[in-house]
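[1] pasting the sequence and the predicted coordinates here, then a few questions.
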Amino acid sequence: MTEQSVTQPATGPGRPDLSALFLANDVRGRAGVELTAEVARALGAAFADHLDAPAMIIAHDMRLSSPELSRAVIEGAVRRGAIVADAGLSSTDQLYFASGQHHAAGVMVTASHNPGADNGFKLCLPGARPVGRETGLEEVRHATEAYLAAGEIPVHGEGRAEGIETLDGYAAALRDLAPLPEGRRIRVVVDAGSGMAGHTAPAVFGGLPQVELIDLHFTLDGSFPHHPADPLRPENLRDLQEAVLGEGADLGLAFDGDADRCVVLDEHGTAVPPSAITALIARREIARARAAGEEQPVAVANLVSSRHVAETVRAAGGEFVRTPVGHARIKTIMAERDAVFGGEHSAHYYFRDFFFADSGMLAALHVLSALVESDGPASGLVATHSPYHASGEINLRVTDAEAARERVRSHIASRPGVCTDDLDGLTAVHWDGELPAEDRWWFSLRSSHTEPLLRLNVEAEQEESMLRIRDQILATVQNEDIVQDESGAAETEQAGAGGAPATATTTDISLPSGASGADVPGWVRAILRCPDCGGELRDVDRAMQCTGCARVHPVDGGIPVLIAGQHEAPSAP
């Protein structure tokens with residue numbers, strides 16, 4: 001047939017460059033500014049061209065911009081001959097389920113835990129197989145840019161769109177994969193964060209006789225009126241912590257915006273490290289696979305997960321495989337090794353029986369099942385899975401990440417017994433059974449896949465060792481040198497590559513010293529936290545203010561005075 005075309009607005013002279021939107025594992029940008037309906041339409045067409053078969057399922061989250069972007073993706077795909085099933089409102093793992101069940105490619109319109117003004121796309125091939133930079137995303141980007149440059153999308157084939165319902169089948173499949181045994185009834189608070197868990201949690205948990213579901217922020221609202229839907233940030237867990245304690249609940253569950261990531265709180269409102277959840281589920285999945293006849297089931301975790309995960313897998317009779325960070329990489333490795341389970345430090349959990357895809361809801365069901373089976377509280381259930389001391393992920397802004405990493409490599413090279421590798425950045429391990437406990441540690445220093453940051457994770461058998469190694473690596477990254485002024489007093493001079501200043505932060509919010517008068521090195525500022533809620537601190541007049549609870553902590557003689565409960569929480573300036 002003769003191809004027809006639809007004119008698209010030009011994006012400026014020359015070929016558009018979308019490299020800033022197309023990240024390692026997905027696409028993200030500011031909705032309506034960088035990520036427009038025109039870009040979405042071109043992406044839909046480009047992805048349809050990329051596929052061997054025309055079947056495609058498209059779903060979207062509750063963000064205010066998502067319906068328009070979803071319609072644009074559908075329009076572009078249909079123009080290129082795709083047979084599109086429009087799944088409407090869905091969580092990301094709900095879309096993965098539909099892709100696997102119907103063996104169709106998928107596009108999820110979401111920006112996950114990003115702020116409400118952002119949006120993006122997660123792509124998968126039939127069977128929920130991942131699409132990342134190394135598995136087709138770059139080709140889709142180039143084709144998207146070509147459609148935008150041409151200003152038109154020619155009609156090809158006989159494309160069409162129709163609706164599809166996936167929620168009931170998704171919920172039933174999850175309950176079949178992790179059935180709750182008969183036992184005690186537990187009270188569970190779920191904070192949906194105004195995101196898609198408000199759509200899926202009632203369907204998954206609502207009919208379980210063992211669970212009394214207490215809902216928190218279940219109303220879908222893409223403006224996120226209560227708190228950002230990022231459960232890895234401590235300040236976003238305050239509502240859930242209060243609800244768990246106030247309700248006398250046995251467990252708390254917090255989900256991100258597209259509900260594919262789950263953070264667990266015990267009965268005290270204390271967040272359980274994702275590595276502990278990885279170890280708990282890995283042991284269950286390995287036991288189930290061995291009972292079914294597998295001699296040595298494989299379980300995987302990324303390289304910044306706790307050392308305890310590998311120890312647990314091996315003790316359970318499984319084989320442990322260490323992977324780089326990133327969902328596209330871990331899914332690919334799981335499929336290659338036929339791994340029964342995988343976990344990441346970012347609270348993503350992957351299951352072979354769920355098409356090797358990640359599902360926060362399925363992970364939550366495993367935790368609920370383990371808790372129903374046990375006689376004790378959640379804190380006791382997970383206590384054995386957090387034996388070591390971890391720094392958490394510390395993000396560092398430096399001028400030259402490679403130069404900073406090489407400074408660290410040189411710093412540790414002379415230490416006997418240190419093993420290093422470059423699987424994903426620099427990992428150094430100093431952990432031997434014959435070493436004294438205080439000398440057992442490891443760290444990872446890697447570049448972010450999405451931001452100009454270095455990410456540092458340190459773990460040790462003893463807390464003092466973790467703090468010592470953490471501070472040494474931070475100081476080396478910052479290239480700190482002690483110099484003498486004319487009076488002989490020591491002061492700290494921080495510099496990145498070429499003498500440019502380098503700042504350490506745990507978010508993309510820079511906190512330079514200034515109005516507060518705080519006189520501390522940048523790497524120290526990176527680990528300062530509000531003693532009341534654990535939130536990050538910013539400069540205000542002669543004080544530092546928590547970005548979470550807004551409490552103001554004075555600065556005295558250049559030293560922040562951080563004492564819990566001593567200061568009021570005025571309106572933020």
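    Structure received.
[2] thought Ala316 was touching Ala282?
    Yes. Here Ala316 reaches Ala282: they are 7.1 Å apart, a contact under Cβ atoms under 8 Å. The way it works is simple: take the backbone N, C-alpha and C, and place the C-beta from them, glycine included.
[3] who's more crowded, the two?
    Shown here are Ala316 and Ala282; by other Cβ atoms under 10 Å, Ala282 has more neighbours (29 against 19).
[4] any idea how far that one is from Pro297?
    Using Cβ to Cβ, to the nearest Å, one gets 9 Å for the distance from Ala282 to Pro297.
[5] mind listing the shared neighbours of the two?
    Counting by Cβ atoms under 8 Å, 6 or more residues apart in numbering, the common neighbours of Ala282 and Pro297 are Gly318.
[6] next, count neighbours for Glu295.
    When neighbours are defined as other Cβ under 10 Å, Glu295 has 9 of them.
[7] cool, and Leu21?
    19.
[8] for it, phi and psi?
    Dihedral pair for Leu21: phi -90, psi -30, per degrees, to the nearest 10.
[9] likewise for Thr323?
    Residue torsions, per degrees, to the nearest 10, at Thr323 are phi -130, psi 160.
[10] ok, how many other residues are close to it?
    Thr323: 22 neighbours (other Cβ under 10 Å).
[11] confidence score at it?
    You'll see Thr323 listed with a pLDDT of 95.
[12] one more: the one 3 residues further on?
    Here the pLDDT value assigned to Gly326 is 84.
[13] strands along the stretch 1-150 of the chain, start to end?
    Taking DSSP state E, counting those that start in this stretch as the criterion, the stretch 1-150 of the chain contains strands spanning 27-30, 55-60, 83-89, 105-109, 118-125, 129-130.
[14] direction included, what does the fourth one pair up with?
    In the sheet, strand 105-109 lines up against strand 55-60 (parallel), strand 118-125 (antiparallel) (DSSP bridges).
[15] format the ones you listed as CSV; extra columns: mean pLDDT and distance to Glu438.
    Below are the strands paired with strand 105-109 laid out as CSV (pLDDT from 0 to 100; distance: least, Cβ to Cβ, whole Å):
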stretch, mean pLDDT, distance to Glu438
strand 55-60, 98, 51
strand 118-125, 97, 43
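[16] so which of these gets nearest His102?
    strand 55-60 (6.6 Å; Cβ to Cβ).
[17] can you give me the angle that closest one makes with strand 83-89?
    20 degrees (axes from the mean of the first three to the mean of the last three Cα atoms, to 10 degrees).
[18] how far does strand 55-60 sit from its chain's centre?
    Distance, stretch centre to chain centre, for strand 55-60: 23 Å (Cα atoms, centre = their mean, to the nearest Å).
[19] buried residues, it. List them.
    Residues 55-60 are the ones in strand 55-60 that count as buried (16 or more other Cβ atoms under 10 Å).
[20] got the phi and psi for the closest residue to Arg284 other than its chain neighbours?
    Spatial nearest neighbour of Arg284, chain neighbours left out: His366 (6.0 Å); criterion: Cβ to Cβ, 6 or more residues apart in numbering. Main-chain torsions, His366, degrees, to the nearest 10: phi -60, psi -40.
[21] please enumerate the helices of the stretch 301-450 of the chain.
    Ranges of helices in the stretch 301-450 of the chain, per DSSP state H, counting those that start in this stretch, are 307-315, 327-337, 360-373, 378-383, 401-413.
[22] please identify the deepest-packed of the ones you listed.
    Burial of these is given as mean neighbour count (mean count of other Cβ atoms under 10 Å); helix 360-373 ranks first at a mean of 24.
[23] send me that helix as PDB with only the CA atoms.
    Taking Å, rounded to 0.1, in the frame of the first residue of the first chain, the C-alpha atoms of helix 360-373 are listed here in PDB:
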ATOM      1  CA  GLY A 360       7.700  -5.500  44.400                       C
ATOM      2  CA  MET A 361       4.300  -7.100  45.100                       C
ATOM      3  CA  LEU A 362       5.600 -10.600  44.600                       C
ATOM      4  CA  ALA A 363       8.600  -9.800  47.000                       C
ATOM      5  CA  ALA A 364       6.100  -8.500  49.500                       C
ATOM      6  CA  LEU A 365       4.100 -11.700  49.300                       C
ATOM      7  CA  HIS A 366       7.200 -13.700  50.100                       C
ATOM      8  CA  VAL A 367       7.900 -11.600  53.200                       C
ATOM      9  CA  LEU A 368       4.200 -11.900  54.300                       C
ATOM     10  CA  SER A 369       4.400 -15.700  53.800                       C
ATOM     11  CA  ALA A 370       7.600 -16.000  55.800                       C
ATOM     12  CA  LEU A 371       6.100 -13.900  58.600                       C
ATOM     13  CA  VAL A 372       2.800 -15.900  58.700                       C
ATOM     14  CA  GLU A 373       4.900 -19.100  59.000                       C
END
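[24] so how far is it from its chain's centroid?
    20 Å.
[25] do I have it right that Gly317 meets Arg288?
    No. If you go by Cβ under 8 Å, Gly317 and Arg288 don't touch, sitting 11.7 Å apart.
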